[in-house]
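Peer 1: heads up, no residue letters with this:
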């Protein structure tokens, strides 16, 4: 397949290590506003903000939801961003080999702006699909499909790095080759038939391995 493919990345838990901070803020928000699940911090990682508010905070008034969103944005604007292990070197290798890259994320623009301030990730991506620009499309196109389209690749010629089970399933259903970024043995079993590889971080994959998959 040589270099006739593109590489798409998720953000949280993939390019950046933010799980512990996400758990902390959603525990705080759940305690402050009350939620319809005992531990919202354990359930929100794979969902968009709209889905979280609908499923776990539907008892709130519109004013209270607005206050919760402002609290969340204030937290996201001040997150300390840590790039995932090996990611910088891996992306540099992709760019040196002329491989197109894209970021696909449900993160808010507030969080993305903070990521861009602390890292060089936005300058290494050939396209960025966020929940804001995806919402402009009334069809059921996924973020992965839109990113592939913008890069000029068929889904079958796209590799996707993700750690969210729902995102992994979506990319797989889109006909893409998925590499899961997760070191849980239980997670590996669940992903056996829908991924081509499972890695703990980006030190567990090389450009040569990617080309051979």
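Peer 2: Received, thanks. Computed from a prediction, not measured in an experiment: that's the story for all the values here.

Peer 1: What segments of this structure are strands?
Peer 2: According to DSSP state E, the chain carries its strands in the segments 6-9, 100-105, 127-130, 158-162, 177-181, 197-199.

Peer 1: and those as TSV, adding mean neighbour count?
Peer 2: (C-beta placed from N, C-alpha, C; glycine too.) Converted to TSV, these look like this (neighbours: other C-beta atoms under 10 Å):
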stretch	mean neighbour count
strand 6-9	25
strand 100-105	23
strand 127-130	20
strand 158-162	26
strand 177-181	24
strand 197-199	19
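
Peer 1: Kindly present those as CSV, with separate columns for mean pLDDT.
Peer 2: As requested, the strands of the chain are exported to CSV (pLDDT from 0 to 100):
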stretch, mean pLDDT
strand 6-9, 97
strand 100-105, 95
strand 127-130, 92
strand 158-162, 96
strand 177-181, 93
strand 197-199, 91
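
Peer 1: of those strands, which approaches residue 31 most closely?
Peer 2: strand 100-105 (26.2 Å; C-beta to C-beta).

Peer 1: how far off strand 158-162 does the closest one point, in degrees?
Peer 2: 40 degrees (axes from the mean of the first three to the mean of the last three C-alpha atoms, to 10 degrees).

Peer 1: For residue 146, which of the strands of the chain is the nearest?
Peer 2: Using C-beta to C-beta, those put strand 127-130 closest to residue 146, at 5.1 Å.

Peer 1: ok, that closest one: who's next to it in the sheet?
Peer 2: When sheet partners are counted by DSSP bridges, strand 127-130 sits next to strand 100-105 (parallel).

Peer 1: Tell me which stretches of the protein form helices.
Peer 2: 19-33, 49-56, 62-77, 87-96, 109-118, 121-124, 131-134, 143-151, 165-173, 185-190, 207-212 (DSSP state H).

Peer 1: Please identify the deepest-packed of those helices.
Peer 2: helix 143-151 (a mean of 22; mean count of other C-beta atoms under 10 Å).

Peer 1: Now find how far off-centre that one is within its chain.
Peer 2: Put simply, helix 143-151 sits 14 Å off its chain's centre (C-alpha atoms, centre = their mean, to the nearest Å).

Peer 1: Quick one: mean pLDDT for that helix?
Peer 2: Regarding helix 143-151, the rounded mean pLDDT is 93.

Peer 1: Does it pack against any helices or strands, and if so which?
Peer 2: strand 6-9, strand 100-105, strand 127-130, helix 131-134, strand 158-162 (3 or more C-beta pairs under 8 Å, 6 or more residues apart in numbering; DSSP states H and E).

Peer 1: need those in a markdown table with distance to residue 16, can you?
Peer 2: Below are the helices and strands packed on helix 143-151 laid out as a markdown table (distance: least, C-beta to C-beta, whole Å):
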| stretch | distance to residue 16 |
| --- | --- |
| strand 6-9 | 10 |
| strand 100-105 | 10 |
| strand 127-130 | 14 |
| helix 131-134 | 16 |
| strand 158-162 | 12 |
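
Peer 1: Show me where this protein dips below the pLDDT cut-off.
Peer 2: 1-3, 38-48, 133-140, 183-189 (pLDDT under 70).

Peer 1: Domain map for the protein?
Peer 2: What automatic domain parsing lists as the domains of the chain is 6-17+81-212, 19-77.

Peer 1: Now do the end-to-end distance for the first one.
Peer 2: The stretch domain 6-17+81-212 measures 14 Å between its terminal residues, going by C-alpha to C-alpha, to the nearest Å.

Peer 1: Sounds good, over and out.
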